[in-house]
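# I need the structure of the sequence given here:
(chains A, B, C and D)
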Number of protein chains: 2
Amino acid sequence: MSITSDLIRGHTDTIVLSQLMSGDSYGYEINKVVAERTGGVFELKEATLYTAFRRLESAHLIESYWGDEQTGARRRYYRITPNGREAYKRLLNEWQIAKSILETLIHVKESRT
Amino acid sequence: MSITSDLIRGHTDTIVLSQLMSGDSYGYEINKVVAERTGGVFELKEATLYTAFRRLESAHLIESYWGDEQTGARRRYYRITPNGREAYKRLLNEWQIAKSILETLIHVKESRT
DNA sequence: GTAGTTACTTCGCCTGTCAAAGTATATTTT
DNA sequence: AAAATATACTTTGACAGGCGAAGTAACTAC
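The predicted structure is shown next:
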């Protein structure tokens, strides 16, 4: 696991849902977009991403369908469901909470005496 | 696992080191301070905390010694080492990076076309 | 023809979290 | 005095998410 990736751990679902909020997409593309948007600093590992797809689909937060590409490798597209949109909002909110908890806890307070 | 705790996951070491930056402390106390500082919203589970102590100690980021209480239960105190202080700074920095990566990735961008 | 890119899938290991149960001492309540 | 509560630490075992590795398959470029 790279330096940052275990800090991002737990946010994979949020990242994927966020990408799908902008429109249907597929694994390989999401992977690239994520890498691009972070300037290559962060990337979702393939196995991690496809694990997330399966997890999200069985939770009915996303749905999948095969693309009808005439050429190139087949693509499995994912679409966010209404449930997924709600979950996304909830996750965004949880992130705000987690962030504030962390900011509170990881900065040094004055020495106790 | 509670809602927020898997988002905090991975930051336990940082939280513990941060507490020890303010002075030596022991498990039970750190647990209470963490709960207090977050207004009871978040708490480290005992098993998680003591697991973290063992992990940090074997990485030489903290050291332990028994307190000399005349009364009450014995306490195992922890002290942050110079290595630990460096690690803490590094972890703080990684948090900044992780935070900016997440802020970049979890907010919806304009629809692609 | 073979090396590289696009694209998805499965397997199995690793790590961190945590519920649960246990040990031990001191204090408070009944 | 017995029981309950608080302080304080420890171990065990299970679970979930991340991910390295290896594989499948089709197309593209040299």
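# Okay, now the unreliable bits of chain A?
Residue ranges of chain A with pLDDT under 70: A:1-3, A:110-113.
# buried ones in the top helix by length along chain A?
Longest helix of chain A, by residue count under DSSP state H: helix A:82-106. Within helix A:82-106, the residues scored as buried using 16 or more other CB atoms under 10 Å in any protein chain shown are A:84, A:87-88, A:91, A:94-95, A:97-98, A:101-102, A:104-106. Backbone N, C-alpha and C define where each C-beta goes, glycine included.
# could those residues go into TSV alongside distance to DNA strand C?
Formatted as TSV, the buried residues of helix A:82-106 follow (distance: CB to the nearest atom of the strand, whole Å):
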residue	distance to DNA strand C
A:Gly84	17
A:Ala87	20
A:Tyr88	20
A:Leu91	17
A:Glu94	13
A:Trp95	16
A:Ile97	14
A:Ala98	12
A:Ile101	12
A:Leu102	12
A:Thr104	16
A:Leu105	12
A:Ile106	13
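# Nearest to B:Tyr26 among those residues?
A:Leu105 (17.3 Å; CB to CB).
# Which helix or which strand is home to the nearest residue to that closest one once chain neighbours are set aside?
Excluding its sequence neighbours, the residue lying closest to A:Leu105 (CB to CB, 6 or more residues apart in numbering or on different chains) is B:Ile15, at 4.8 Å. Element membership for B:Ile15, per DSSP states H and E: helix B:12-21.
# neighbouring contacts of that helix?
A:102, A:105-108, B:8, B:25, B:30, B:33-34, B:44, B:48-49, B:52-53, B:55-56, B:61-62, B:78-80, B:84-85, B:87-88, B:91-92, B:95 (CB atoms under 8 Å, 6 or more residues apart in numbering or on different chains).
# With stretch A:56-68 instead?
With CB under 8 Å, 6+ apart, stretch A:56-68 has contacts from A:13, A:16-17, A:20, A:26, A:53, A:74-81, A:83-84, A:87.
# repeat that for 10 Å
Applying CB atoms under 10 Å, 6 or more residues apart in numbering or on different chains, the set of residues contacting stretch A:56-68 from outside is A:12-13, A:16-17, A:20, A:24, A:26-27, A:52-55, A:73-88, A:91.
# again with stretch A:83-100
A:10-11, A:13-18, A:20-21, A:56-57, A:59-63, A:78, A:80-81, B:3-9, B:11, B:38, B:41-42, B:95, B:99, B:102-103, B:106-108.
# ok, now with 6 Å
Stretch A:83-100 is contacted by residues A:Thr14, A:Leu17, A:His60, A:Leu61, A:Ile62, B:Ile3, B:Thr4, B:Leu7, B:Ile8 when judged by CB atoms under 6 Å, 6 or more residues apart in numbering or on different chains.
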